[in-house]
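J.: Sequence first, predicted coordinates after that:
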2 protein chains.
Amino acid sequence: MSPATELTEKPAVRLALLGCGTVGTEVVRLLHEQADDLTARIGAPLELVGVAVRRLGRERGDLPIDPALFTADALGLIKRDDVDIVIEVVGGIDTARTWLVEALHAGKSVVTANKALLAEDGGTLHDAAAQGGADLYYEAAVAGAIPLLRPLRESLHGDRVTAVTGIVNGTTNFILSSMASTGAGFNEALEEATELGYAEADPTADVEGFDAAAKAAILASLAFHTRVTAADVFREGMTGVTAGDMASAKEMGCTIKLLCIAQRGSGPDGDETVSVRVHPAMIPLTHPLAGVGDAFNAVFVEAEAAGPLMFYGRGAGGRPTASAVLGDIVAAARNKISGTRAPSESNYAKLRVRPIGESLTRYHISLDVAERPGVLATVAGVFAQHEVSIATVRQSGRADDAKLVIVTHSAPDAALAATVEALAGLDIVRSIASVLRVEGGAG
Amino acid sequence: MSPATELTEKPAVRLALLGCGTVGTEVVRLLHEQADDLTARIGAPLELVGVAVRRLGRERGDLPIDPALFTADALGLIKRDDVDIVIEVVGGIDTARTWLVEALHAGKSVVTANKALLAEDGGTLHDAAAQGGADLYYEAAVAGAIPLLRPLRESLHGDRVTAVTGIVNGTTNFILSSMASTGAGFNEALEEATELGYAEADPTADVEGFDAAAKAAILASLAFHTRVTAADVFREGMTGVTAGDMASAKEMGCTIKLLCIAQRGSGPDGDETVSVRVHPAMIPLTHPLAGVGDAFNAVFVEAEAAGPLMFYGRGAGGRPTASAVLGDIVAAARNKISGTRAPSESNYAKLRVRPIGESLTRYHISLDVAERPGVLATVAGVFAQHEVSIATVRQSGRADDAKLVIVTHSAPDAALAATVEALAGLDIVRSIASVLRVEGGAG
């Protein structure tokens, strides 16, 4: 007798799956492959009672599933009395919100990978979960297979998280890693990423940082017990990162990554605030995030007592994402059986999200300058006027090709931006070759 | 009104702390410093009702706690009716077992950092927890502050873990990192570690791998849903690793780490088994664990659907360990309030632990040989007799100083050990300079 069969007399926990694309098909496959283990771990079998898809006709011949389970009526499936848990892997905002609110209000637990919806309007989902007494799990929404949200939601709840810094978009990490290792420019590296299937035909959501910004909002909300939405996140894409920037980073013992950053700090009045932003940044090669290559994701968490922590793994792909979805299904199913609920949303802190201008950042600025006496004094004067302190300066080249590379200490981003603008207006500055933020103690 | 005060009307969850050493004092401090946040996150305040210590007289003047709470009667404290959760940070086996079984039988939840007890006899604790309907949490027992056990216990429960490879002892990692970076020998590096407070006066438990073996047993139990005890773990310390071994590893693009390894695999009859072992091993510098320096810990987990994952952070120290303890206290307190329990022990798989002889490993063997024709043929013949396949061979030196460095493909450890024994008996082999296992695709 297998361990599973001892337990199958308990009634099944019944699942409705919304979406059967890359992630959905892998969820179906894992439910099938791991059926015995899942039954043993949960204490009851899982039963898939319906799969909502957009078009019924599509060929899905190799899926281990009764074709009669497919339906085009997602809402009808959600409303069925015999559904305990609704799994949403469709994406999009308005329709998905309608579905999930419907499910949660009816007391049906929800497992979703929908980062866009959570970042735009997670509050509505959390409120619906509280009203319906249902679970809302979304481990797969950030950093795919990496168990990251559960540690933030639970393990670190006896500690005080001070910062979360992550590489949470595999496409852009592949592009930047490739630029770093081959010296290629952005377009060339993007082309390679597209050919290898790491970038979509329209890469906007990835390279412009929209995807990372949604994840930043979700991470900041969990880390700081505060509702943060995508609209609160400062976002700058990485299409402007050049081969020259990367070379310049290398000279400084750094590399460039597209980072999502959520930091606790003080506002101008000493009130506690959070800064949440996505932008490319130089980080030292000695930083644990610098070695995260290819399309891997990693999230670096700093907490007062725990110190630095890092979580690393595959951030995308059907099967890794499905692994995270399945973990959540197991948790929701266990709760159903024992009549309990997951810890509900923790948003008591209600910290103010400070705008990028108030956020403390550091800049790496590379200037093409006229080679004449007094240039450095003039440039340094501009920094001083804006109360920006300089950490390092390097001068190189001669005559028509002179260059100043300046790394600042940390200062309000608005002061740094104003400094750059003032520098651009100087006669002796021929052009501003590059401006990059610096993170992780580089410089 | 602070968020906490809204909630303080709920009755407090009452804690008994056993032990007030390095970790215990930090637990007391964090409970005090984070009190408002903890109340908000749990929905009720935490109240420390007693602290059991060995000697009452000791000066603890700076602890934010009423001195009347100290008691020398641990068992009396555990038995008090007003205790909801027992926190054990004393260590040791027999007395701690008595205490924790008493608490669990009485339905009191237990949070413990006691890896030795869990590895020796975790089954007894789990059984007591099941009988008493109480929670048993022990995140702090492995890899200190790193949220690792909760991901294994919950997040990865929809997946199938195939291997766990970890650096779980900070002392030995400090020593090996120092040997790698400075070229120092073991004794010199140990001395440095002792001076800096990374090694205890008697470093046996660390350098002989006992500490790592206890953690290996705990990790293997969780990863493979099988009770594994310290006695099941093959253990080889790292005192034999020489400066020469480290130099040899470097030449191969590798470094040496003391690893705890738990792998799923097949036994000789095709039955599913697990291999659990602790030993020094060469790993390639490109492996994510190779960059884990100083006294940091990291655990690399491979799962079928999730792929490779890594968890990194501080594995020891009062405050990091207390962070993990506090996370568990929050979870246990929430369960108390909502009248629920954590997922209970999952040991249904009951896989056989295969002995080291059956485990598949790879060896790096360095031989001092006579420089004469036919040496390689003779040596290769010995490998062939034992059905061990050679991956790479390098010959270097001349005459009295000739050397053969051989890396094998994977083979049963017993066959590899027998090969080394046979090589030692050959006339042409002057001495076996070093034998190290190889992990992580090196070679």
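T.: That came in fine, so what should we check first? Numbering: from 1, shown residues only, chains lettered A, B, ... in the order given.

J.: CA only for contacts and neighbour counts going forward, please
T.: Will do.

J.: Okay, strands next: where are they in the stretch 201-350 of chain A?
T.: In the stretch 201-350 of chain A, the strands defined using DSSP state E, counting those that start in this stretch lie at A:234-235, A:254-266, A:272-284, A:296-303, A:307-314.

J.: Tell me which of the ones you listed lies nearest to chain B.
T.: Evaluated with CA to the nearest CA, the strands of the stretch 201-350 of chain A place strand A:307-314 nearest to chain B, the distance being 4.3 Å.

J.: so what strands line up beside the closest one?
T.: If you go by DSSP bridges, strand A:307-314 pairs up with strand A:296-303 (antiparallel), strand B:307-314 (antiparallel).

J.: Pipe those strands into CSV and attach mean pLDDT, distance to A:Glu192 and mean neighbour count per row.
T.: Shown next, in CSV, are the strands paired with strand A:307-314 (pLDDT from 0 to 100; distance: least, CA to CA, whole Å; neighbours: other CA atoms under 10 Å in any protein chain shown):
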stretch, mean pLDDT, distance to A:Glu192, mean neighbour count
strand A:296-303, 97, 16, 24
strand B:307-314, 96, 23, 24
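
J.: could you dump the ones you listed to CSV with distance to B:Val90?
T.: Shown next, in CSV, are those (distance: least, CA to CA, whole Å):
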stretch, distance to B:Val90
strand A:296-303, 25
strand B:307-314, 20
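
J.: Kindly tell me how buried A:Asp413 is, as a neighbour count.
T.: Neighbours of A:Asp413 under the rule other CA atoms under 10 Å in any protein chain shown: 20.

J.: Show me what from the stretch 151-300 of chain A comes close to chain B.
T.: Counting by CA under 8 Å from any CA of the partner chain, the residues of the stretch 151-300 of chain A close to chain B are A:Pro151, A:Glu154, A:Ser155, A:Leu156, A:His157, A:Gly158, A:Asp159, A:Arg160.

J.: Grab the most central residue of chain A for me.
T.: The residue lying closest to the centre of chain A (CA atoms, centre = their mean) is A:Lys215, at 3.2 Å.

J.: Local confidence estimate at A:Gly339?
T.: Note for A:Gly339: predicted pLDDT of 89.

J.: do the same with A:Asp62
T.: In this prediction A:Asp62 is given a pLDDT of 85.

J.: Neighbouring strands - and their directions - for the helix or strand bottoming out on mean pLDDT in chain A?
T.: Least confident helix or strand, chain A: strand A:390-396 with a mean of 90, by mean pLDDT, DSSP states H and E. Counting by DSSP bridges, the strands paired with strand A:390-396 are strand A:402-408 (antiparallel).

J.: ok, residues contacting the partner strand?
T.: Residues outside strand A:402-408 that contact it (CA atoms under 8 Å, 6 or more residues apart in numbering or on different chains): A:362-371, A:388-397, A:443.

J.: Quick one: closest of the strands paired with strand A:307-314 to B:Gly21.
T.: B:Gly21 lies closest to strand B:307-314 among the strands paired with strand A:307-314, at 18.5 Å (CA to CA).

J.: for the closest residue to A:Leu326 other than its chain neighbours, what are its contacts?
T.: Distances taken as CA to CA, 6 or more residues apart in numbering or on different chains put B:Gly158 closest to A:Leu326, at 4.5 Å, once the chain neighbours are dropped. Counting by CA under 8 Å, 6+ apart, B:Gly158 makes contact with A:Leu30, A:Gln34, A:Leu38, A:Ser323, A:Ala324, A:Val325, A:Leu326, A:Gly327, A:Asp328, A:Ile329, A:Val330.

J.: Just the buried subset of the contacts of strand A:402-408, please.
T.: Among the contacts of strand A:402-408, those buried by neighbour count (16 or more other CA atoms under 10 Å in any protein chain shown) are A:362-371, A:388-390, A:393, A:443.

J.: Could you list which of those residues belong to strands?
T.: If you go by DSSP state E, these have A:Arg362, A:Tyr363, A:His364, A:Ile365, A:Ser366, A:Leu367, A:Asp368, A:Val369, A:Ile390, A:Val393 in strands.

J.: Verify the stated contact: A:Val301 with A:Val164.
T.: Yes. Using CA atoms under 8 Å, A:Val301 is in contact with A:Val164, at 4.5 Å.

J.: Next, format the strands of the stretch 201-350 of chain A as JSON lines and append distance to A:Val420.
T.: JSON lines is the format used below for the strands of the stretch 201-350 of chain A (distance: least, CA to CA, whole Å):
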{"stretch": "strand A:234-235", "distance to A:Val420": "19"}
{"stretch": "strand A:254-266", "distance to A:Val420": "20"}
{"stretch": "strand A:272-284", "distance to A:Val420": "16"}
{"stretch": "strand A:296-303", "distance to A:Val420": "30"}
{"stretch": "strand A:307-314", "distance to A:Val420": "33"}
